[in-house]
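Visitor: sequence and predicted structure, then a few things I'm wondering about:
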Amino acid sequence: MKIALNISLSFLAAYMETQHSTMKFQVLFLLLLLACMYPSVAQGSYENCCLTYAHVKKTIRRHVMSYRVQETDGGCNIPAVALKLKNFRVICADPRITWIQQMIQKMSAKSTGNM
């Protein structure tokens, strides 16, 4: 009886140690997975945002190839119009400027063929 009890206890101890090792592995694996995912979550949806407005003169209109309107609903803090120039530079302009609004309307009309 004592031998059977001793065997049962040693089997139970081995079983518990296996379960404990498995649990340690699962926790370690979960922590490793979270650590790998953290950088991608921390970056979020990184966008190419205009952070400030450049002082833009009207004469730059002839150099503008395209534009992109930046809204504040995403990861960007200010509303802006990103103007892509012929030399591939991008300049951020205030969308409240009248001539910027007029330029956007003209470029939109040209792209839709309504002009």
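Guide: Great, that's in hand.

Visitor: got the buried residues for stretch 50-63?
Guide: Residues of stretch 50-63 classed as buried: 50, 53, 56 (neighbour count, 16 or more other CB atoms under 10 Å). No exception for glycine: its C-beta is placed from N, CA and C like everyone else's.

Visitor: is it true that the second one touches residue 80?
Guide: So the one you mean is residue 53. Yes. Contact criterion CB atoms under 8 Å: residue 53 and residue 80 qualify, at 6.6 Å.

Visitor: now the common contact residues for these two.
Guide: Taking CB atoms under 8 Å, 6 or more residues apart in numbering as the criterion, residue 53 and residue 80 both touch 92, 93, 94.

Visitor: who's in contact with the second one?
Guide: This means residue 93. Applying CB under 8 Å, 6+ apart, the residues contacting residue 93 are 53, 54, 56, 80, 81, 82, 83, 100.

Visitor: which of those residues fall in strands?
Guide: By the criterion of DSSP state E, membership of those in strands covers 80, 81, 82, 83.

Visitor: now the third one: how far from residue 52?
Guide: When you say that, I think you mean residue 82. Residue 82 is 12 Å from residue 52, where distance means CB to CB, to the nearest Å.
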